[in-house]
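A.B. asks: Need the 3D shape of this:
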Amino acid sequence: MMTEITRKRGQKGFTLIELMIVIAIIGILAAIAIPQFSAYRERGYQASMKSDANSIRIAEEAYYVDKNIYTGAAGDLANFGYSQPSEGNTPTITVVTGPPATFSVAIASTKTAKTVTYNSATGQTTMQ
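C.D. replies: Below is the predicted model of the structure:
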């Protein structure tokens, strides 16, 4: 065998070629894994934004049932199931009072360039 020819008797260890092959394999695996990890993080940030928008939606509807009006202040929703947004998320609530009363919620994040918007008039959550 080739490896036996280059080694002296009783010597143990790896050859330089073997080590270079292992490093090349690790490099290839890292090149594949790092972009995937970034995509997973991005999807996680977007999921937290959608969750915050949904929590505000539910709290706004509970507030409306109790007070017969929507609120534009997230602080008013504390007694209706919404306490605070996820870390890095900033909600903006816009209320339209005239018939029919509607509201929209925009969630911006410091961790991603995307924005999640919920519109009660259409009942849809969109990502921009």
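A.B. asks: Identify the residues contacting the residue most central in space within the chain.
C.D. replies: The centroid of the chain falls nearest to Tyr45 when counting by C-alpha atoms, centre = their mean (1.2 Å). Residues counted as contacts of Tyr45 (C-beta atoms under 8 Å, 6 or more residues apart in numbering) are 88, 109, 111-112, 114. The C-beta positions use only the backbone N, C-alpha and C, and glycine is treated the same way.
A.B. asks: Quick one, which of the residues you listed are buried?
C.D. replies: 109, 111-112 (16 or more other C-beta atoms under 10 Å).
A.B. asks: Strands along the protein, start to end?
C.D. replies: 89-96, 102-109, 115-119, 124-127 (DSSP state E).
A.B. asks: Any figure for the gap between the residue nearest to the centre of the chain and Gln128?
C.D. replies: 14 Å (C-beta to C-beta, to the nearest Å).
A.B. asks: Just the CA coordinates for stretch 36-44, please, in CSV.
C.D. replies: Output of stretch 36-44 as CSV, limited to C-alpha atoms (Å, rounded to 0.1, in the frame of the first residue of the first chain):
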residue,chain,number,x,y,z
GLN,A,36,-29.1,27.3,4.7
PHE,A,37,-28.7,28.5,8.3
SER,A,38,-29.2,32.1,7.1
ALA,A,39,-32.4,31.1,5.4
TYR,A,40,-33.7,29.4,8.5
ARG,A,41,-33.0,32.5,10.6
GLU,A,42,-34.8,34.7,8.2
ARG,A,43,-37.9,32.4,8.2
GLY,A,44,-37.8,32.5,12.0
